[in-house]
Structure formats: structure tokens, C-alpha cells
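*Asks:* Starting from these lines, generate the structure:
(one chain, ligands or ions: 2)
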Amino acid sequence: MQKDAIFAEPLAHIQDFRFDDQVADVFPDMIQRSVPGYQTIIQTIGKLSGRFQQPDSNYYDLGCSLGAATLAMRRNISVANSRIIAVDNSSAMVERCERHLLAFRSDIPVEVKLADIRQQPIEQAAIVVINFTLQFLPKEDRNTLISRVYQGLKPGGLLILSEKFINKDAQTNDLLVELHHDFKRANGYSELEISQKRSALENVMKPDTLPEHQQRLQQAGFTSQTLWFQCFNFCSMVAIK
Ligand SMILES: C[S@@+](CC[C@H](N)C(=O)[O-])C[C@H]1O[C@@H](n2cnc3c(N)ncnc32)[C@H](O)[C@@H]1O
Ligand SMILES: O=C(O)C(=O)C[C@]1(C(=O)O)C=C[C@@H](O)C=C1
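*Replies:* Ligands and ions are numbered 1, 2, ... in the order given. Next up is the predicted model:
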């Protein structure tokens, strides 16, 4: 696995964070060292896929990057007529995702699409995964996407939504941010790497609060939802139709 050193040297000008070739090359290392509980979340997406699979259904991975959640779903689905649709608008990610999936054998077809998830139709879905991607959409587009997901799920269908979040209360927000930075330090990131990446993400990643997420899910129609994972300012929720 290639080590993430993208922000290791002082940068004269910090550009907005993009999922380009440079990021895609180091992404497994980057996400592992940056997102507390990432591995647990991926494993649990696998377990949930076993539980919520339904025959003759679609499974969506929206913002699939290299396909970690797709692979976790694919390993755990055993019912007939299942199809996975993995979508990302970064060509660097999609190219590598396709190659990555070919390295593992399976009878379940996966369609990897270079597209904007805001344009992706959701139909006959047993499961929709949005793993650390909603936070990159413009705020005004988030309600529409979650409503479309609700509409496209079959009865009993599951949405798995993982996000970085903020607290309105500054004191506890700062505490969670500091604990996350401690996590990054423990994983070998320097102060410079932490602060330069933070600046690069500032304009492109706008996390919501937990109540904003909960309200959005409810407004979309989900009457059954819960937070199942939280570590510092990272979380994962499930909502059942
Ligand atoms: C943090 S990564 C997701 C990680 C991945 N889901 C996983 O579990 O390993 C966010 C991804 O969302 C993609 N993305 C961001 N906005 C998007 C959009 N509007 N449409 C499609 N993909 C998008 C990025 O290209 C990036 O690959
Ligand atoms: O590194 C951070 O501080 C993050 O916010 C992590 C985060 C994410 O939450 O999606 C941001 C971008 C990277 O692609 C991987 C992870």
C-alpha cells in the first residue's frame, strides 16, 4: 500500500482537495489513517448486506472511490438476481475501482459508473451505501438525494450513511476535532500534514450536525433510523424503509 505523504511538505499554495490521481494512488492508506473506525464501518456494511439482502434487487455504492463498500457488499450477498451499481465522479477513482474489483472473483455483476451521484437513478434497491460522500455535495443538494434514495428503496430496504459531523456547541466540537487530530498524530501524520489537509478540505467538505442528518432522513420518509457507530466526529447511521 502506497503511503499518503501528499501534505507532508510545506505547500506555497494549498489548493482545494480533489479526488485526483495523486489522492487515488494513496487512498487506502489515507482513509485508514484519517477516518476512525473505517475498517469497522466497512466490515459492518458487509454484515448488514447479509441481513438486508433481497432477491431481484439493486445495491448502490454512491461515491464508491476504490470500491471498498462494494466489495464488502458483494462478499455477503447470496440471493438471486443481485446487481451492484458503484458510482463516482472521479475518473481516477473509477479506473482504479474497476481494476480492483477484477482482482476478486464473484458471480454478482458490478457496474462501475463515472457519474455524478445526483444524476444516478435509484431503483428497486435493497441497500444504498453513502460512505463519507454526502459531505462533499453542496448543502442544497443533500435533501433531494436522500429523498430519491428513500423513493428508490424497496420496502424493508436499508440506507447506510456515514459522515464526518460537526457540533453546534463550540466546546464539544473543539474537543472532538482535537481527539480526531490525536488519532491522526498516532497514525503518523505531522502537525503540518494535519493543518494543510484541513485547509484543503475547508471549502469542499461541509459536514452537517447530527440533528441535521436525523431531520433530513425523517423528512425524506424514513421513520426508522439510528446512529450505530460514532468515534469522535465521525459516525455512521442506518435508516430502514
Ligand atoms: C471519502 S470518499 C468515499 C469513500 C468510499 N465510499 C469508501 O468507503 O472507501 C468520497 C468519494 O465521493 C466522490 N464524490 C464526491 N462528490 C461526488 C458526486 N457528486 N458524485 C459522485 N461521486 C462523488 C469522490 O470522488 C470520492 O471518491
Ligand atoms: O482527513 C480528514 O480530516 C477527513 O476529514 C477525512 C476524509 C473524509 O471524511 O472523507 C476526508 C477526505 C479523505 O478522502 C478521507 C477522509
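
*Asks:* can we go C-alpha only for contacts and neighbour counts from here?
*Replies:* Will do.

*Asks:* Whether the lengthiest strand in the chain contacts ligand 1 - can you check?
*Replies:* The single longest strand within the chain, with elements called by DSSP state E, is strand 153-164. No - counting by CA under 6 Å from any ligand atom, no contacts exist between strand 153-164 and ligand 1, the nearest distance being 8.7 Å.

*Asks:* Report the mean per-residue pLDDT for stretch 100-108.
*Replies:* Per-residue pLDDT over stretch 100-108 has a mean of 95.

*Asks:* So which bits of that stretch are buried?
*Replies:* By 16 or more other CA atoms under 10 Å, the buried positions in stretch 100-108 come out as 101, 108.

*Asks:* Next: stretch 209-225.
*Replies:* Within stretch 209-225, the residues that count as buried by 16+ other CA under 10 Å are 210, 213, 214, 216, 217, 218, 220, 221, 222, 225.

*Asks:* With ligand 1 as the reference, measure out to the second one.
*Replies:* To tie it back to what came earlier, the one meant is residue 213. Counting by CA to the nearest ligand atom, to the nearest Å, the separation of residue 213 from ligand 1 is 17 Å.

*Asks:* Report the beta-bridge partners for the spatially most central residue of the chain.
*Replies:* Closest to where the C-alpha atoms of the chain average out (CA atoms, centre = their mean) is residue 131, at 1.7 Å. On the basis of DSSP bridges, residue 131 is bridged to residue 162.

*Asks:* residues from this structure in reach of ligand 1?
*Replies:* Contact residues, the chain versus ligand 1 (CA under 6 Å from any ligand atom): 19, 63-65, 68-69, 87-90, 93, 115-117, 131-133, 136-137.

*Asks:* In strands, which of those appear?
*Replies:* Members of the residues of the chain next to ligand 1 lying in strands (criterion: DSSP E): 87, 88, 131.

*Asks:* The helix or strand harbouring residue 129 vs ligand 2: in contact?
*Replies:* If you go by DSSP states H and E, residue 129 is part of strand 125-131. No - shown here: strand 125-131 not in contact with ligand 2 (CA under 6 Å from any ligand atom), separated by at least 8.3 Å.
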